[in-house]
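Colleague: starting from these lines, generate the structure:
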Amino acid sequence: MTDAAADAAIEQACRILRLPTIREHHARVAEAATRQKAGYKGFLVELLSMECDEREDRRKARLIRDAGFPRPKRIDDFDFTANPLIDPGLIHTLGKGAWIRAGQPLCLIGDSGTGKSHLLIGLGIAAAEAGYRVRYVTAAALVNELVEAADDKHLSRTIARYGRVDLLCLDELGYLELDRRGAELLFQVFTEREERASVAVASNSAFSEWARTFTDPRLCAAIVDRITFEAHIVETGTQSFRLRSSQRKHAKTSAARDRERSTP
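Modeller: Okay, the predicted model is just below:
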């Protein structure tokens, strides 16, 4: 068999077997193996390792894409010095995902600008890269989706879909008041996942203030009970480091402007 015929046969086999990395790199690896006088097994190991590594990278990218994160945020990018209330050791431990395997909840509680969404997304991305199926959604978007599903008579399928993911990241809980119907539908999602699959919630309200979001006292108590049972609770505080950062930048700009004006 000529080299051209062999290359064509490899191309066809890789397409049939869906091995894009081997299809792309086999010629280069074969040339390197020839120069290095590698054996057939060494050549095969190199090709298969490349295929496995790239397949794993594609799987991670797909899980992150399917999660629906609004922007890329990673734990390593978080500035823990800007918010000393947050324990970096705890966050990195959570990033390993044992709480997800145990089906435990996570609550990130604090005012706007304290890092809740960054940590929520960062932990979600870490979970997706570890192989977990993750879904990110804001509380308002989820309630709207559930209401539409109920109106279209496929609520059970929608709730089941949210029940199948390993980690549900629910952001901005507490920003808007929910009517009784919306709260009841959200409660069904929590019940579907209770003690079986993890929910990570980011809220700008303390648990004692959730009655403003869930106006029915009994329903509010039931939701808090499900969200906090065996939960990891991270309080991010009340001081917005986004605001402090903006203030520092404004102060530097003003100082520079004043220096320019005072320079003869």
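Colleague: buried residues of stretch 60-76, list them for me.
Modeller: Leu63, Ile64, Ala67, Phe69, Lys73, Ile75 (16 or more other C-beta atoms under 10 Å). C-beta: built from backbone N, CA, C; applies to glycine.
Colleague: for the spatially closest residue to Trp99 that is not a sequence neighbour, grab phi and psi.
Modeller: Once flanking residues are discounted, Trp99 sits nearest to His232: 5.8 Å by C-beta to C-beta, 6 or more residues apart in numbering. Torsion angles at His232 (phi, psi; degrees, to the nearest 10) stand at phi -90, psi 120.
Colleague: which residues touch His232?
Modeller: Going by C-beta atoms under 8 Å, 6 or more residues apart in numbering, His232 touches Leu90, Leu94, Trp99, Gln104, Pro105, Leu106, Cys107.
Colleague: let's see which of the buried residues of stretch 60-76 end up in helices.
Modeller: Those of the buried residues of stretch 60-76 mapping onto helices are Leu63, Ile64, Ala67, per DSSP state H.
Colleague: right, and Ala130 touches Gly97 too?
Modeller: Yes: if you go by C-beta atoms under 8 Å, Ala130 and Gly97 touch, sitting 5.0 Å apart.
Colleague: circling back: quickly note the distance from the residue nearest to Trp99 to Ala206.
Modeller: His232 is 16 Å from Ala206, where distance means C-beta to C-beta, to the nearest Å.
Colleague: and for Phe69?
Modeller: 26 Å.
Colleague: mind listing the strands in the stretch 1-150 of the chain by residue range?
Modeller: 106-110, 134-138 (DSSP state E, counting those that start in this stretch).
Colleague: format these as JSON lines; extra columns: distance to Leu186, mean pLDDT and mean neighbour count.
Modeller: What follows is those, written out as JSON lines (distance: least, C-beta to C-beta, whole Å; pLDDT from 0 to 100; neighbours: other C-beta atoms under 10 Å):
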{"stretch": "strand 106-110", "distance to Leu186": "15", "mean pLDDT": "95", "mean neighbour count": "23"}
{"stretch": "strand 134-138", "distance to Leu186": "11", "mean pLDDT": "97", "mean neighbour count": "22"}
